[in-house]
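In: predicted coordinates and the sequence they were generated for:
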Amino acid sequence: MMSVAAILLGLVLLLFTGLPIFAGLSLFGGGLLIGSGAGVVGVSEVIFHKISLYVLLAIPLFAYMAHIMIRARIIDDLYNTAYTLTRHMPGGVGIATILACMIFSAISGSSVATALTIGAVAIPQMIRFGYDPKVAYGLVAAGGTLGILIPPSGPMIIYGVATDTSIGGLFMAGLIPGLMLALIFMLSTAFQQRHRQREPRASLKEALVAIRGSGWALALPTLVLGGMYVGVFTATEAAAVGALLALAVGSLIYRTVGPRQIWASAIDASRTSAMLFMILAGAAVFSHALTKLMIPQQIVGLVSTMEMGNFGFLLAMMALIFVLGMFLESIAIILITSPVVLPVLTLLDISPIWYGVMLVINLELAMITPPVGMNLFTIKAVTEAPIGQIIRGSLPFVVLMLLGLALVMVFPGLALWLPGTMLDLGP
């Protein structure tokens with residue numbers, strides 16, 4: 001067990017030096033292979049097998065869909081619709097912000113993109129309505145984390161590839177917990193702002209006009225997720241359909257996407273995808289080294305002798321990932337821990353889909369916990385506010401997200417019921 005701990009600690013320390021994740025995983029994995037005498041013969045085949053999977057096509061396609069929709073400038077319509085429908089509620093502006101984050105998450109699949117895009121619109125609006133600035137910062141930072149739980153989700157695709165778990169099943173599994181977290185955020189906001197003066201309720205005509213204004217933004221994720229749910233297409237095909245629909249909406253409906261925006265979106269999606277593929281290649285080398293050193297077998301043997309049980313193992317892993325999340329990027333955490341955890345999940349008969357949802361909720365926490373919470377720095381870039389003020393505004397949402405994580409752990413059906421009703425769990 002000391003060798004296992006030494007390997008993981010050595011890799012984490014190497015990544016702390018600022019070395020790119022793909023380079024750290026590749027060099028460390030290669031060093032382990034050479035140091036153990038296993039050699040690097042066959043590593044190229046391992047890398048090719050990992051990055052040539054059909055399901056990985058979903059990454060550039062979903063990224064392209066997100067960049068097209070962002071450049072179509074639909075966010076103003078989306079936020080205005082959310083505000084029109086909720087302005088009469090206590091904390092209506094804050095609730096509208098969470099709703100906009102929730103819907104935009106189903107378009108972007110990115111926490112940082114959600115916090116950045118919604119924050120630019122919502123934070124000035126909340127402050128104008130008299131919200132304490134730190135409350136506004138924390139609400140957008142936390143709402144942005146929904147981007148990696150509500151599908152489509154880049155980290156879920158990476159986890160699915162790393163553990164050979166159904167991407168469609170993971171997407172569906174994240175939907176109810178994502179909506180639950182959004183509801184918890186909204187209820188908390190309504191309670192905190194219950195004494196604030198409310199705006200008049202929107203008339204039916206105003207509500208219908210607002211919904212029509214953002215109809216395509218609402219329809220796109222519904223069509224993509226609905227198609228996966230009923231088995232019309234797989235997650236990869238859904239990504240292609242989403243990209244085509246986004247292109248049609250941006251160029252033909254909104255008329256804000258032309259050749260320049262199409263080309264820029266393709267470049268941005270390619271850069272994002274290339275970075276992730278390089279990380280996956282490095283993870284393939286690291287995972288291959290662990291297999292050669294029989295590290296997963298050692299972990300399984302240790303868990304068997306300790307008789308931790310399912311709940312004890314999950315608590316230990318969630319605590320470890322919470323700590324790692326304070327220092328490491330989410331993709332790195334997925335790729336470092338998955339090769340070690342997967343055999344234990346099999347031993348303890350724990351659903352990898354259920355574990356994957358808990359993992360992603362924990363990674364959401366990492367987005368708003370210092371010292372390297374990405375959404376904290378995103379809000380700072382949008383507002384130029386002191387980072388301490390942003391952190392203080394985010395801390396209450398850390399507690400709320402821990403509550404959400406506990407609920408999913410205690411009630412697995414929150415994650416497993418919806419994918420269990422799917423007609424097709426293909427890639």
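Out: Received it, and whenever you're ready, just let me know what you need.
In: ok, so what distance separates the closest residue in space to residue 145 that isn't next to it in sequence from residue 255?
Out: Closest residue to residue 145 apart from its sequence neighbours, by C-beta to C-beta, 6 or more residues apart in numbering: residue 364 at 3.8 Å. From N, CA and C alone the C-beta is placed, and that goes for glycine too. For residue 364, the distance to residue 255 (C-beta to C-beta, to the nearest Å) stands at 35 Å.
In: what's the answer for residue 101, then?
Out: Taking C-beta to C-beta, one finds residue 101 at 26 Å from residue 255.
In: the more surrounded of those two?
Out: More crowded of residue 101 and residue 255, by other C-beta atoms under 10 Å: residue 101, with 32 against 10.
In: pLDDT weak spots in the chain?
Out: Low-confidence segments of the chain (pLDDT under 70): 1-5, 296-297, 300, 303-304, 423-427.
In: quick one: the helices in the stretch 151-300 of the chain?
Out: Along the stretch 151-300 of the chain, the segments classed as helices by DSSP state H, counting those that start in this stretch run 154-163, 167-192, 204-213, 215-229, 235-248, 259-292, 295-306.
In: for residue 47, pull up the helix or strand it's in.
Out: Using DSSP states H and E, residue 47 sits in helix 43-51.
In: in that helix, what counts as buried?
Out: For helix 43-51, the neighbour count (16 or more other C-beta atoms under 10 Å) marks 43, 46-47, 50-51 as buried.
In: list the contacts of it.
Out: By C-beta atoms under 8 Å, 6 or more residues apart in numbering, the surrounding residues in contact with helix 43-51 are 30, 33, 161, 277, 280-281, 283-285, 288.
In: again, but for stretch 386-398
Out: Residues outside stretch 386-398 that contact it (C-beta under 8 Å, 6+ apart) are 132-139, 141-142, 185, 188, 365, 368-370, 373, 375-377, 379-380, 383.
In: may I see the buried residues of it?
Out: The neighbour-count check on stretch 386-398 (16+ other C-beta under 10 Å) flags 389-391, 393-394, 396-398 as buried.
In: ok, these vs residue 150, which is closest?
Out: The shortest approach to residue 150 among the buried residues of stretch 386-398 belongs to residue 397, at 15.9 Å (C-beta to C-beta).
In: my guess is residue 234 meets residue 168, correct?
Out: Yes. When contacts are counted by C-beta atoms under 8 Å, residue 234 is listed as touching residue 168 (6.1 Å).
In: find the centremost residue of the chain, please.
Out: residue 148 (1.4 Å; C-alpha atoms, centre = their mean).
In: how about that residue, what does it touch?
Out: Contact partners of residue 148, counting by C-beta under 8 Å, 6+ apart, are 105, 109-111, 154-156, 330, 360, 363-364, 367.
In: let's have those in JSON lines, adding distance to residue 94 and neighbour count.
Out: Formatted as JSON lines, the contacts of residue 148 follow (distance: C-beta to C-beta, whole Å; neighbours: other C-beta atoms under 10 Å):
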{"residue": "105", "distance to residue 94": "17", "neighbour count": "29"}
{"residue": "109", "distance to residue 94": "23", "neighbour count": "29"}
{"residue": "110", "distance to residue 94": "22", "neighbour count": "25"}
{"residue": "111", "distance to residue 94": "18", "neighbour count": "32"}
{"residue": "154", "distance to residue 94": "27", "neighbour count": "23"}
{"residue": "155", "distance to residue 94": "26", "neighbour count": "25"}
{"residue": "156", "distance to residue 94": "27", "neighbour count": "29"}
{"residue": "330", "distance to residue 94": "26", "neighbour count": "24"}
{"residue": "360", "distance to residue 94": "24", "neighbour count": "27"}
{"residue": "363", "distance to residue 94": "24", "neighbour count": "27"}
{"residue": "364", "distance to residue 94": "18", "neighbour count": "30"}
{"residue": "367", "distance to residue 94": "19", "neighbour count": "26"}
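In: narrow those residues to those in helices?
Out: Taking DSSP state H, the ones among the contacts of residue 148 that sit in helices are 105, 111, 154-156, 330, 360, 363-364, 367.
In: list the contacts for residue 327?
Out: Residue 327 neighbours (C-beta under 8 Å, 6+ apart): 12, 16, 371-372.
In: picking up where we left off before, single out the most deeply packed of the helices of the stretch 151-300 of the chain.
Out: Among the helices of the stretch 151-300 of the chain, helix 154-163 has the highest mean neighbour count (mean count of other C-beta atoms under 10 Å), at a mean of 25.
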